[in-house]
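Asks: everything below, folded, please.
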Amino acid sequence: MAKVEFLTEESFKTKVFNFEASKDWKFEGELPCLIDFYADWCQPCKMVAPILEELQEEYQGKINVYKIDTEAERNLAGMFGIQSIPSLLFVPKDGQPQMAVGALPKETFKKAIADVLKVEE
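Replies: Numbers count the residues shown, from 1 in each chain. Reported below is the predicted structural model:
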């Protein structure tokens with residue numbers, strides 16, 4: 001079963017964006033991805049978690065779903081100016097990432113995956 005992967009600053013640099021090597025956005029990953037900025041104490045984050053697990057399963061091999069703990073990875077949270085959580089970053093293979101904030105319903109995720117990541121289920 002495909003698992004949602006937790007990113008640290010180190011793994012973020014190899015899988016998403018190496019901010020030490022480049023100031024300009026350059027996606028390092030092979031598949032478009034969705035990154036959930038969350039915290040353990042955040043109730044809406046807990047509501048989103050099972051949806052993300054389902055999406056990882058349904059879009060396996062098409063997108064990667066990552067989670068970043070904003071408490072543990074303050075530098076990454078700061079880099080994206082995360083003010084409220086959950087914040088979800090949709091990262092297409094080409095082009096700029098787009099941020100959505102709040103506990104989104106599954107259909108909204110699917111629409112953003114189609115519109116921003118250009119991936120169909």
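
Asks: low-confidence ranges, the protein, go.
Replies: Low-confidence segments of the chain (pLDDT under 70): 1-2.

Asks: please enumerate the strands of it.
Replies: Residue ranges of the strands in the chain, as given by DSSP state E, are 5-6, 33-38, 64-69, 87-91, 98-101.

Asks: residues contacting the last one, please?
Replies: Okay, so that is strand 98-101. 80, 84, 86, 87, 88, 89, 90, 108, 112, 116 (C-beta atoms under 8 Å, 6 or more residues apart in numbering). Every residue, glycine included, has its C-beta placed from N, CA and C.

Asks: any chance of those residues in CSV with distance to residue 69 and neighbour count as columns?
Replies: Below are the contacts of strand 98-101 laid out as CSV (distance: C-beta to C-beta, whole Å; neighbours: other C-beta atoms under 10 Å):
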residue, distance to residue 69, neighbour count
80, 14, 15
84, 15, 10
86, 11, 24
87, 12, 21
88, 14, 23
89, 14, 19
90, 19, 20
108, 23, 14
112, 22, 16
116, 23, 19
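
Asks: pick the one among these closest to residue 35.
Replies: Using C-beta to C-beta, residue 89 comes nearest to residue 35 of the contacts of strand 98-101, at 4.2 Å.

Asks: for the residue lying closest to residue 38 once chain neighbours are set aside, give me its contacts.
Replies: Among residues not flanking residue 38 along the chain, residue 45 sits closest, at 3.9 Å (C-beta to C-beta, 6 or more residues apart in numbering). Listed by C-beta under 8 Å, 6+ apart, the contact partners of residue 45 are 36, 38, 39, 85, 86, 103.

Asks: can you select the buried ones from these in PyMOL?
Replies: Burial among the contacts of residue 45 is assessed by 16 or more other C-beta atoms under 10 Å; the matching PyMOL selection reads:
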select buried, resi 36+38+85+86+103
